[in-house]
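In: next one to model:
(one chain, ligands or ions: 3)
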Amino acid sequence: MTGPTVDGGGQVTELVHTREELAAARDGLKGTVGVVMTMGALHSGHETLLRAARERADHVLVTIFVNPLQFGPNEDFDRYPRTLDADLEICRRAGADVVFAPSVADMYPDGQPRVRVNPGPLGEDLEGQSRPGFFHGVLTVVLKLLQLTRPDLTFFGEKDYQQLTLVRRMARDLDVPVEVVGVPTVREPDGLALSSRNRYLSPVEREAALSLSAALRAGAEAADAGADAGAVLAAAHAAFGAGTPGARLDYLVLTDPDLEPGPVSGPARLLVAAWVGGTRLIDNAAIRLAPRS
Ligand SMILES: Nc1ncnc2c1ncn2[C@@H]1O[C@H](COP(=O)(O)OP(=O)(O)OP(=O)(O)O)[C@@H](O)[C@H]1O
Ligand SMILES: CC(C)(CO)[C@@H](O)C(=O)[O-]
Ligand code: BAL
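Out: Numbers count the residues shown, from 1 in each chain. Ligands and ions are numbered 1, 2, ... in the order given. Model prediction:
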């Protein structure tokens, strides 16, 4: 399916698949353009990004592409949920003007790109340690999508905090003319961060997955009560371990808000990653430590 579709309220959302169709649709957008990049299987977290883009830009362009370059050989590329019809409905509801949903051949017409963006040392840490090559794949496709869509603003969720940090870093270091806007994490009422991969979870795993947000909450509360970095981490570890069994910790770290190495004090970020059954989940929260005297 390609072409304009209209909802009951008269909003027109144009679906395009090829780079030629995208170029024509992009040329038709007058004024500022905000781009939201996704892998589809859209949920309310994505919808919040779309609404933030709607507020800041004259037009909203959404990309939906499950990027093979960022998946490891034993990861869930084949299994990743693909729900284009439902995604289009969400895009329409949130007032998107254009949805670009290319095939792998449209994005990589020459096969796997030989030139890729090097994310630098931060790309090897945290997510990059557990998912080798992940950020090379992410930044390469993000840069390609920025070139193809030419946005004034682009919106990324804080849920993927290291990704947001590296996209900001890439825009700065490589002089990409776009404003990168971070959007706070949207959560379920019980604290679980919304994520497309949550749909892999069984009901018991869904309970165990609360260990991540519980750890962050405990860390933030400890910091608010005046705890130092060590005590904040200890509180977060204790809360992680006290949850419904089933979550296996990958990392739980307290860092500088820009993910720079070195000691932290004042504003900081607590980041967690864990396996719940076969599903890998991540989450993070802002923490304010008392400044060191
Ligand atoms: N709960 C959320 N709150 C805010 N932004 C989010 C949330 N979940 C995803 N996003 C953002 O949406 C964009 C697209 O992310 P993506 O399509 O990978 O969704 P996802 O839910 O993170 O999927 P996955 O479960 O595969 O990691 C990213 O910028 C991501 O940070
Ligand atoms: C930014 C992104 C769309 C690149 O494939 C992906 O990593 C995601 O959905 O967060
Ligand atoms: N949500 C970031 C993309 C990924 O995990 O593959």
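
In: can you say which helix or strand has the nearest residue to residue 37 once chain neighbours are set aside in it?
Out: Using CB to CB, 6 or more residues apart in numbering and skipping the chain neighbours, the partner closest in space to residue 37 is residue 63 (4.7 Å). (Each C-beta comes from the backbone N, C-alpha and C, glycine too.) Element membership for residue 63 (DSSP states H and E) is strand 59-64.

In: quick one: contacts for the closest residue to ligand 3 within the stretch 1-150 of the chain?
Out: Closest approach between the stretch 1-150 of the chain and ligand 3, counting by CB to the nearest ligand atom: residue 70, at 5.3 Å. Residues counted as contacts of residue 70 (CB atoms under 8 Å, 6 or more residues apart in numbering) are 131, 133-135, 137-138, 141.

In: give me the neighbour count for the residue nearest to residue 37.
Out: By other CB atoms under 10 Å, the residues close to residue 63 number 25.

In: if it is in a bridge, with which residues?
Out: The partner list for residue 63 in beta bridges (DSSP bridges) reads residue 37, residue 100.

In: filter the contacts of residue 70 down to the ones near ligand 2?
Out: 138, 141 (CB under 6 Å from any ligand atom).

In: how much space between the residue of the stretch 101-250 of the chain found nearest ligand 1 and residue 12?
Out: Residue of the stretch 101-250 of the chain nearest ligand 1, by CB to the nearest ligand atom: residue 157 (2.2 Å). Distance from residue 157 to residue 12, counting by CB to CB, to the nearest Å: 26 Å.

In: hmm, residue 163 is touching residue 169, no?
Out: No: in this structure, residue 163 is not within contact of residue 169 by CB atoms under 8 Å, at 10.6 Å.

In: coming back round to it: closest to residue 28 among the contacts of residue 70?
Out: Ranked by distance to residue 28 (CB to CB), these are led by residue 141 at 24.0 Å.

In: now that closest one: closest residue in space that isn't a chain neighbour?
Out: Residue nearest to residue 141 in three dimensions, not counting chain neighbours: residue 67, with 4.4 Å by CB to CB, 6+ apart.

In: can you count the residues close to that neighbour?
Out: The tally of other residues near residue 67 (other CB under 10 Å) stands at 21.

In: check contacts around it.
Out: So residue 67 contacts 39, 107, 137-138, 141 (CB under 8 Å, 6+ apart).

In: buried ones only from these, please, as a ChimeraX command.
Out: Selecting only the buried entries of the contacts of residue 67 in ChimeraX, with 16 or more other CB atoms under 10 Å as the criterion:
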select :39,107,137,138,141
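
In: and ligand 1, which of the contacts of residue 67 reach it?
Out: Among those, ligand 1 is touched by residue 39 when using CB under 6 Å from any ligand atom.
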